[in-house]
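> Sequence plus the predicted model coming up.
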Amino acid sequence: MAFASRTRLINPRLGTYFGIFTAAIAALVIMAMMFEQLGASDAIVRFSMFAGPIGLYGVIGLGSRAREVADYFACGRRVPAFFNGLVLAVSALGGAGFLALTGSLLIVGFDAMCLSIGWCAGLVFMGVLFAPFVRKFGAYTIPTFLGRRFESRAVRVAAAGILGVPILLLIAAEARFAGYAAAWMMGQSERLMAAVVIACAAAIVLLGGMRALTWSSAAKAIVAILALAVSASIIAILVSNLPLPQMTHGNVVRVLTRMEVAQGVPLVLAPPLAFDLPGAGPEPLVKRFMQSFGSVGSLSFVLMSFVAAAGIAASPGLLSRVGTTPGVYEARKSLGWAVLVVGLVVLTLPAIAVYLRAMLLEQVASHPGDRLPLWFQLLQQAGIAKIEAKTEVVKLASISFERDATLFALPLAAGFPQVLVYLSLAGALAAALAALGSALMTIAAIVAEDVIHGLTSDTAVDTQRVTTARVALIGAAFVSIWLAIAVPADPLQLFVWSLTFAAASSFPVLLLAIWVERTNQWGALAAMVTGFVVTALAMLLAETGAIGMPSALAGAIGLPLALCAGFIASKLTPAPGRNALDLVSDMRVPGGETLYDREMRLLRLRSRAPG
Amino acid sequence: MIERNERKPYWRHTRTQMLTSLLPFVVAMIVLPLYADALNDKRILGVPLGYFLVCHGLAVIAFVTIAAFVNRQDAIDHWHGAHEDF
């Protein structure tokens, strides 16, 4: 039995390295501020804030080359719990969390919290239901895990095809978010910048695979969190003398509610199944911030929380990341860190939305339309904000705001130096790049390991497997560029669809694979296919208006039906064999060698044995 | 390494721990948002209570749930001899 030493595996200088990186980013921001004050052109400042961090991610990514399979697909299984949690959290949030959730909170207030609850709950579900067992198994991809668990190549290939759909939707969404942030920084078109950031994300992970992705994503997570914290903390200090926006924005909420009542913002009650999150363009602020179920109905709120939670918990890109930790205990702990980081972020985002909404109410609403503050006029010129009705006095409901611009509109509205606006954009770009890189790596690993080598040979030599993954990554990058340019839908909609597909097609089969020993390959196939087909049909019917439910909640129908289908199909067909039952039994116990590593070691020994 | 005859009790214990961790959290996920409006009349630390419970409360409950789970499950692993040997 081979046991690895945790202390030998983990690099003890990681904290120092990332401390140096954080200092470099702080130095870059301070230098850019100095250049700005010295009168350097805006183009130089914005280019340095765009290219500086990306250059550093590139240095980390290209410096983390990997030749061995375990390094390329699982970062050598030596990522400490804290760093894995940090990367998990920021990859889960991505541009959708940083840009779209902040904007949705500004526009529809409380109702957007169904997504933030989903993010927190999803990581809790992942930590309790899946992560320890997936780590003990140690497969590099989720289809490999399912194929091995059910001893079926058909399950493996079907899983590769079905789980590829949410990953591609996620890539399209995150590429658009990254393109949006990059376009604001560079002043170029969104599509062009989406193609550029996809190329950057792919180049960063090309040589080092999961190793490069992990360490570059840890750097991206630091930038994203720094960027989020700086503006919000400065405003928190101005408002309450404490740099804790998460704890001190409550007083502003009270004032905000009073002002909304005074200005006659109406109370709106949506039907239970309504689901009206703001779209990509400017959207009017028609609802009170604190009022619940005005845009998202009560039933939709609860269902969306669960669909988002199930989609995050069973997301193939996030779940395969737990394989990078040194052991099962570290995998569980990493989810604890991830929940802590996501919790802090989803407590900061409402603070940003509340501060900006209070500024709009105080300085724009109830003021004459021809005497608006300079910052609001700048936002109007940039197309971020609009005043719809031409009335003498501006009303809150007549203000429209672009959802994805909220994060960087706050430092602009507060009159902060332009560098802090670019820092906010760099943070959102970093989060979107982390999510994009993770999704690209996952789809490349699935194509290389489960489709190409999965159909031929499991004992291919390391160099072959790594080369195939690199070629698949380049192919995935080209497909992603096409997707980002060709798919016209709202990126938040694409993100929610990705969650709903993952919830219906990945969550039930993983639940059955781990928690129901009796499940066999027929049950797994039935669960995956039912979840996918039912969800796709429900989405199609919802989009055409044939059924009165939002397409985002299609997973709420697909998930329970997939569970039932998997359970019934397993009951009606022969029980799994002794090998499969032994595998399940071993997977449930944290101690002992990682199952996939053991299997690979035995396969190699067998292939080398004479005769 | 875990004994063969310890595997069933270990799994039973793990399953109970999973349910104990998730059920209260799932109930909070459903109940707190539904009663947020009604609770907003009361205040805690100057913040409307319903908003505070959904925004801050659920994040704190999520963290406490996962932290308690990691701690308890590790104790269960050691109790049954199923823990990793480092």
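Cool, the structure landed.

> what about stretch A:453-471, start to end distance?
End-to-end distance of stretch A:453-471 (C-alpha to C-alpha, to the nearest Å): 13 Å.

> Show me the shaky parts of chain A.
Along chain A, segments meeting pLDDT under 70 span A:1-8, A:389-390, A:457-459, A:611.

> residues contacting the residue of it found nearest chain B?
Taking C-beta to the nearest C-beta, chain B has its nearest neighbour within chain A at A:Gly250, 3.0 Å off. In this view, the C-beta of every residue, glycine as well, is placed from N, C-alpha and C. A:Gly250 makes contact with B:45-48, B:51-52 under the criterion C-beta atoms under 8 Å, 6 or more residues apart in numbering or on different chains.

> Narrow those residues to those that are buried.
Buried by 16 or more other C-beta atoms under 10 Å in any protein chain shown: B:47-48, B:51-52, out of the contacts of A:Gly250.

> Of those residues, which are in range of chain A?
Restricting the buried ones among the contacts of A:Gly250 to those touching chain A (C-beta under 8 Å from any C-beta of the partner chain) yields B:47-48, B:51-52.

> Could you pull out the strands in chain B for me?
B:43-44, B:47-48 (DSSP state E).

> Take these and write them to TSV, including distance to B:Arg15 and mean pLDDT.
Below are those laid out as TSV (distance: least, C-beta to C-beta, whole Å; pLDDT from 0 to 100):
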stretch	distance to B:Arg15	mean pLDDT
strand B:43-44	36	86
strand B:47-48	38	86
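
> hey, what's the residue in chain B that chain A sits nearest to bridged with?
Ranking the residues of chain B by distance to chain A (C-beta to the nearest C-beta) places B:Val47 first, at 3.0 Å. Applying DSSP bridges to B:Val47 gives these bridge partners: B:Ile44.

> Distance-wise, check it relative to A:Leu115.
Per C-beta to C-beta, to the nearest Å, B:Val47 is found 21 Å from A:Leu115.

> likewise A:Glu517?
34 Å.

> Those two: which has the busier surroundings?
Taking neighbours as other C-beta atoms under 10 Å in any protein chain shown, A:Glu517 and A:Leu115 compare with A:Leu115 leading, 25 against 16.

> burial measure for A:Leu226, as a count.
When neighbours are defined as other C-beta under 10 Å, A:Leu226 has 17 of them.

> same question, the one 5 residues further on
Residues within reach of A:Ser231, counting by other C-beta under 10 Å, total 25.

> what sits against the nearest residue in space to it that is not next to it in sequence?
Nearest non-adjacent residue to A:Ser231, counting by C-beta to C-beta, 6 or more residues apart in numbering or on different chains: A:Pro411, 4.4 Å away. Counting by C-beta under 8 Å, 6+ apart, A:Pro411 touches A:231, A:420-421, A:423-424.

> likewise A:Thr544?
By C-beta under 8 Å, 6+ apart, A:Thr544 lies in contact with nothing.

> and the stretch 51-200 of chain A, which of its residues are near chain B?
Residues of the stretch 51-200 of chain A found near chain B (C-beta under 8 Å from any C-beta) are A:110, A:113-114, A:116-117, A:120-121, A:123-125, A:127-129, A:132.

> quick one: secondary structure of the residue nearest the centre of chain A?
Centroid-nearest residue in chain A, with C-alpha atoms, centre = their mean: A:Ala92, separated by 2.9 Å. Under the three-state scheme (DSSP: H, G, I helix; E, B strand; the rest coil), A:Ala92 adopts helix.

> gap between it and A:Val265?
33 Å.

> and what of A:Ile30?
According to C-beta to C-beta, A:Ile30 and A:Val265 sit 41 Å apart.

> Comparing those two, which shows the higher neighbour count?
More crowded of A:Ile30 and A:Val265, by other C-beta under 10 Å: A:Val265, with 21 against 11.

> give the contact list for the residue nearest the centre of chain B.
Chain B has B:Thr65 as the residue nearest its centroid, 2.6 Å off, counting by C-alpha atoms, centre = their mean. Residues near B:Thr65 by C-beta under 8 Å, 6+ apart: A:124, A:128, B:21-22, B:24-25.

> which residue packs closest to it, ignoring adjacent ones?
Leaving aside its chain neighbours, B:Thr65 sits nearest to B:Phe25 (4.7 Å; criterion: C-beta to C-beta, 6+ apart).

> The one you found: how many residues sit nearby?
Look at B:Phe25: counted by other C-beta under 10 Å, it has 21 neighbours.

> and it, what is it in contact with?
Contacts of B:Phe25 by C-beta under 8 Å, 6+ apart are A:121, A:124, B:61-62, B:65.

> which residues touch stretch A:14-24?
Residues from elsewhere that reach stretch A:14-24 (C-beta under 8 Å, 6+ apart): A:56, A:60, A:80, A:83, A:218-219, A:222, A:226.

> can I get those residues in a markdown table with secondary structure?
Output for the contacts of stretch A:14-24, formatted as a markdown table (three-state DSSP):
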| residue | secondary structure |
| --- | --- |
| A:Leu56 | helix |
| A:Ile60 | helix |
| A:Pro80 | coil |
| A:Phe83 | helix |
| A:Ala218 | helix |
| A:Ala219 | helix |
| A:Ile222 | helix |
| A:Leu226 | helix |
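
> Can you lay out these as a markdown table showing distance to A:Ala502?
Listed next are those as a markdown table, based on distance: C-beta to C-beta, whole Å:
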| residue | distance to A:Ala502 |
| --- | --- |
| A:Leu56 | 31 |
| A:Ile60 | 28 |
| A:Pro80 | 27 |
| A:Phe83 | 24 |
| A:Ala218 | 24 |
| A:Ala219 | 26 |
| A:Ile222 | 27 |
| A:Leu226 | 29 |
